[in-house]
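A.B. asks: 3D, please:
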Amino acid sequence: QVQLVESGGGSVQAGGSLRLSCAASGRSLSSYAMGWFRQAIGEEREFVSAISRFGSSTRQADSVKGRFTVSRDNAKNTVYLQMNSLKPEDTAVYYCAASRSYDPARYYYHHEYAYWGQGTQVTVSS
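C.D. replies: Numbering: from 1, shown residues only. Predicted coordinates for the structure are as follows:
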């Protein structure tokens, strides 16, 4: 079992940047593909980005392509989400999650993820 803790959220103006971190404990992060999801108030949780166990494959939602970059450092047991050119519609609670899946086509689906962090709030003002 792995425990996940997100950090790095906060408030920023439109056009700004934030970097989220997801630190894992309890098991090596290299055992899992990792994903980022977000949930805005009154909305369903949606896929943002994901990365395979050793970083060879990534996936992004169309809404964040060209602006967000997912990366990982297995030696530090940490996954990152670099968010640039932030927009007010990016405002949400952001969650990291761990998946045992080996198929990148499955990374988009929240039911593929067995472990979740508690989330970190990102607020983007116009």
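A.B. asks: pLDDT wise, what is residue 27 at?
C.D. replies: Looking at residue 27, its pLDDT reads 89.
A.B. asks: and residue 98, how far is that from residue 24?
C.D. replies: The spacing between residue 98 and residue 24, counted by CB to CB, to the nearest Å, is 7 Å. Backbone N, C-alpha and C define where each C-beta goes, glycine included.
A.B. asks: which residues do those two both contact?
C.D. replies: Residues within reach of residue 98 and of residue 24 at once, by CB atoms under 8 Å, 6 or more residues apart in numbering, are 2, 4.
A.B. asks: the residue nearest to residue 67 when sequence neighbours are not counted: neighbour count?
C.D. replies: Residue nearest to residue 67 in three dimensions, not counting chain neighbours: residue 85, with 4.6 Å by CB to CB, 6 or more residues apart in numbering. Residue 85 is flanked by 13 other residues according to other CB atoms under 10 Å.
A.B. asks: next, residue 85: secondary structure please.
C.D. replies: coil (DSSP: H, G, I helix; E, B strand; the rest coil).
A.B. asks: contacts only, for it.
C.D. replies: Residue 85 neighbours (CB under 8 Å, 6+ apart): 15, 17, 67.
A.B. asks: next: residue 12.
C.D. replies: Residue 12 neighbours (CB under 8 Å, 6+ apart): 18, 86, 122, 123, 124, 125.
A.B. asks: which helix or strand contains it?
C.D. replies: For residue 12, the host element (DSSP states H and E) is strand 10-13.
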